[in-house]
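model this:
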Amino acid sequence: MATLFARHSEQFGEGVVQLFPRSALDGVSLERGVIRAKAEVAVGLPAAQIAELSSAEIPSGVAANILDEMGIRVHRIITFFPVGKSYSP
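Alright, predicted model coming up:
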């Protein structure tokens, strides 16, 4: 899921996947996320603070390539078309 969201974010800037040990969230408020079947959780911290907990960060393209080698395809997602730009996959 992280790679999918990172690929989506590429249309707005650099998409990255941040990795961190579960222990980094000790004491942090966690709530059920929207996609329960994927074990998604909502983390009660601002994005910048979550980034500080990260032990590794990889570009979304690298993450997608790793998954591709495992037989899992995560394509680039385009859902936002700024005025004056055309779609190019």
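
what about the helices in this structure?
Under the criterion DSSP state H, helices of the chain are mapped to 2-9, 47-53, 60-69.

Kindly reformat the ones you listed as TSV containing mean pLDDT.
Supplementary listing: the helices of the chain in TSV, determined by pLDDT from 0 to 100:
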stretch	mean pLDDT
helix 2-9	88
helix 47-53	89
helix 60-69	94
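
JSON lines for those, including mean neighbour count?
Using the backbone N, CA and C atoms, a C-beta is placed for each residue, glycine as well. Below are the helices of the chain laid out as JSON lines (neighbours: other CB atoms under 10 Å):
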{"stretch": "helix 2-9", "mean neighbour count": "17"}
{"stretch": "helix 47-53", "mean neighbour count": "12"}
{"stretch": "helix 60-69", "mean neighbour count": "16"}
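
Out of these, which gets nearest to residue 22?
Among the helices of the chain, the nearest to residue 22 by CB to CB is helix 47-53 (10.6 Å).

That closest one: how far from the chain's middle?
Its chain's C-alpha centre and that of helix 47-53 lie 13 Å apart, by CA atoms, centre = their mean, to the nearest Å.

try stretch 53-61
Here stretch 53-61 is found 9 Å from its chain centre; the criterion is CA atoms, centre = their mean.

Would you mind listing where the protein has pLDDT under the threshold?
For the chain, applying pLDDT under 70 flags the ranges 35-39, 80-89.

which residue ranges form the strands in it?
Taking DSSP state E as the test, the strands found in the chain are 16-19, 30-32, 41-43, 56-59.

The last one: partners in the sheet, and parallel or antiparallel?
Spelled out, that is strand 56-59. In the sheet, strand 56-59 lines up against strand 16-19 (antiparallel) (DSSP bridges).

doesn't residue 31 make contact with residue 41?
Yes: because the distance of 6.7 Å satisfies CB atoms under 8 Å, residue 41 is recorded as touching residue 31.

Settle it for me: which of the two has more neighbours?
Taking neighbours as other CB atoms under 10 Å, residue 41 and residue 31 compare with residue 41 leading, 14 against 8.
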